[in-house]
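1. here is my input; please provide its structure:
(chains A and B, ligands or ions: 1)
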Amino acid sequence: MPMMMVVRASLERALNLALSHDPRARQRLQSVREKCFRLSVPELPEPITVFFQETSVQLLGPEYESVDGSVTVALHDLAELQDASAVTRMIQQGRISIAGDPVFAQQAAQVFLQINVDWEEAFADAFGDVPGYWLAQGIDRLKGAMPKAEQMQKRVSEFLTQESTLAASPVFFALLEDDVKALERRLSALEKRIKDME
Amino acid sequence: MKKHDDSTHFGFKTVAKDEKANMVAGVFHSVAGKYDLMNDVMSFGIHRLWKRFTIDCSGVRRGQKVLDLAGGTGDLAAKFSRMVGPTGEVVLADINDSMLKVGRDKLRDMGIVGNVKYVQADAEKLPFPDDTFDCITIAFGLRNVTDKDAALRSMLRVLKPGGRLLVLEFSKPVLEPLSKAYDMYSFHIMPRMGEWIANDKDSYQYLAESIRMHPDQDTLKDMMEEAGFGSVEYHNLTGGIVALHRGYKF
Ligand SMILES: C[S@@+](CC[C@H](N)C(=O)[O-])C[C@H]1O[C@@H](n2cnc3c(N)ncnc32)[C@H](O)[C@@H]1O
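-> As a prediction, this is how the structure comes out:
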């Protein structure tokens, strides 16, 4: 757990650095403010849980239970998401599922997919001019190798909207099951207290 | 001659119950200015991870009311303030006005205003109506409280039904070698660091002693159940050097 916490804390810093240098981030964050989104990729050691704030995000751990929406998808299926026509089939096959408001999930994805930062300036602020320049070059190369943000965003939103029309997902049932179990525990504790009082 | 149950521990010393609060106050008045720096130095920054885990287990969401009790310089209150948003409220309560002042200035410098209230309060007699808060946290505070049972009962009273209490506190390391290394650190190195960095050996000696005198994981769990909390469980952090206890009001 401590290792994951350190990773989470570092990732949170990096994301917040990017968001703080993106002039439009605040606007995107506004629509998801004080909401929590969880992306579960079974191959990753833990789900990514993002709590959106006015100007920044907090990355929370798997113990946090008050999520507003979540998406579960296998790592190899993430790439398949690029093909919008495959998404419905993937949902029907139970390979992707979504819980909560699909519009929220779409907005949550947009916060990151639309990040637009002058990396050279951002890294220069954080690390000094020369390392900043080299880091920014690295980011540019990485971006060249990735599909365009708008393309990704379109695909994600298409898949999320399609999912909303389908029946409740396995993730939804898993979350519901957790809630029911928690409720059961509370009820039995309450029963015990009532018995003790009698 | 004082009766036995009129006495309590102040670190390893036995003192009259009505003296402890003043002595603890002396410690925290003295460390307030350097508290955050010392916290980072002495825990190697790990206290931030312990607090992160506390936030994870809080389940706090927008619109809720949270009490950060013995909140001192407000690390948890700052995080909660952003999570509950303008429709929620965070109360940072501490018995010590020096710590509260450092906390208030820090949060203001972080741009956190509007949904945080600062209240000088004793954990044993919380000045809030019944059923007020969705979540109460007390981080590294309970061991300084004179009557812990009274404090736990007071917290239960001001929690809403369904609300939860999170107690983050030093505890008992689960492995013997770790326990020895930790003792060596807290009794030999911690007071020295206190002397060098904060010029205050005695306060840090008290902190080390109070850690050792604090109830272990299972004892604290029993105390919480005794006070009326339900579904009490704990997680050991860093090998039990610290434990996070969670209990609900039903
Ligand atoms: C070690 S500090 C912890 C501060 C903060 N919660 C943190 O984790 O950084 C302990 C705090 O408990 C406060 N305290 C001690 N006795 C208290 C009591 N009876 N009621 C409320 N606060 C108390 C002290 O004033 C001090 O600010």
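
2. surely residue B:86 meets residue B:114?
-> Yes: between residue B:86 and residue B:114 there is a contact under C-beta atoms under 8 Å: 6.3 Å. Where you see a C-beta, it was placed from the backbone N, CA and C, and this is true even at glycine.

3. look at these two and report which has more neighbours.
-> residue B:86 (13 against 9; other C-beta atoms under 10 Å in any protein chain shown).

4. measure the residue nearest to residue A:73 when sequence neighbours are not counted to chain B for me?
-> Leaving aside its chain neighbours, residue A:73 sits nearest to residue A:96 (4.6 Å; criterion: C-beta to C-beta, 6 or more residues apart in numbering or on different chains). Remark: distance between residue A:96 and chain B (C-beta to the nearest C-beta, to the nearest Å) = 26 Å.

5. which residue does chain A have closest to the ligand?
-> residue A:5 (16.5 Å; C-beta to the nearest ligand atom).

6. burial check on that residue, number of neighbours?
-> Neighbours of residue A:5 (other C-beta under 10 Å): 20.

7. in space, what's closest to it - neighbours in sequence excluded?
-> Excluding the flanking residues, the one nearest residue A:5 by C-beta to C-beta, 6+ apart is residue B:49, at 4.6 Å.

8. pLDDT wise, what is that neighbour at?
-> Listed pLDDT for residue B:49 reads 93.

9. my guess is the residue of chain A closest to the ligand contacts residue A:61, does it?
-> Yes: the criterion here is C-beta under 8 Å, and residue A:5 meets it with residue A:61 at 7.1 Å.

10. common neighbours of these two, please.
-> Contact with both residue A:5 and residue A:61 is made by residues B:52-53, according to C-beta atoms under 8 Å, 6 or more residues apart in numbering or on different chains.

11. low-confidence ranges in chain A?
-> Applying pLDDT under 70 to chain A flags the ranges A:1, A:81-88, A:122, A:126-127, A:129-133, A:136, A:139-187, A:190-191, A:194, A:197-198.

12. please enumerate the helices of it.
-> Taking DSSP state H as the criterion, chain A carries its helices at A:2-20, A:25-30, A:75-80, A:84-92, A:102-113, A:119-127, A:129-145, A:149-164, A:170-197.

13. residue B:97 and the ligand, how far apart?
-> Going from residue B:97 to the ligand by C-beta to the nearest ligand atom, to the nearest Å gives 9 Å.

14. who touches that residue in this structure?
-> Neighbours of residue B:97 in contact, by C-beta under 8 Å, 6+ apart: residue B:120.

15. one more time with 10 Å
-> Shown in contact with residue B:97 (C-beta atoms under 10 Å, 6 or more residues apart in numbering or on different chains): B:25, B:28-29, B:32, B:104, B:118, B:120.

16. next, it: phi, psi?
-> The phi and psi values for residue B:97, taken as degrees, to the nearest 10, are phi -70, psi -30.

17. how about residue A:46?
-> phi -160, psi 160.

18. that one: what's it in contact with?
-> Contacts of residue A:46 (C-beta under 10 Å, 6+ apart): A:1, A:4-5, A:7-8, A:40, A:61-63.

19. now residue B:8: which helix or strand?
-> Per DSSP states H and E: residue B:8 is located in strand B:7-10.

20. let me see the mean pLDDT of the helix or strand following that strand.
-> Using DSSP H and E, the helix or strand that follows strand B:7-10 towards the C-terminus is strand B:13-16. For strand B:13-16, mean pLDDT rounds to 77.

21. which elements pack onto strand B:13-16?
-> Helices and strands touching strand B:13-16, by 3 or more C-beta pairs under 10 Å, 6 or more residues apart in numbering or on different chains; DSSP states H and E, are strand B:7-10, helix B:17-31, helix B:201-213.

22. let's go with 7 Å and repeat that
-> Here strand B:13-16 touches strand B:7-10, going by 3 or more C-beta pairs under 7 Å, 6 or more residues apart in numbering or on different chains; DSSP states H and E.

23. in its sheet, what does the strand it packs on sit against?
-> Looking at strand B:7-10 with DSSP bridges, its partner strands are strand B:13-16 (antiparallel).

24. can I get the partner strand in CSV? Just the C-alpha atoms.
-> Coordinates of the C-alpha atoms in strand B:13-16 are reproduced here as CSV (Å, rounded to 0.1, in the frame of the first residue of the first chain):
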residue,chain,number,x,y,z
LYS,B,13,4.8,10.9,34.5
THR,B,14,1.7,10.4,36.7
VAL,B,15,0.0,13.8,37.2
ALA,B,16,-3.3,15.0,38.6
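
25. and it, what's buried?
-> residue B:15 (16 or more other C-beta atoms under 10 Å in any protein chain shown).

26. return the residues of chain B in contact with chain A.
-> Proximity of chain B to chain A (C-beta under 7 Å from any C-beta of the partner chain) is limited to residues B:49, B:52-53, B:55-57, B:59, B:61-62, B:79, B:82-83, B:85, B:230-231, B:248, B:250.
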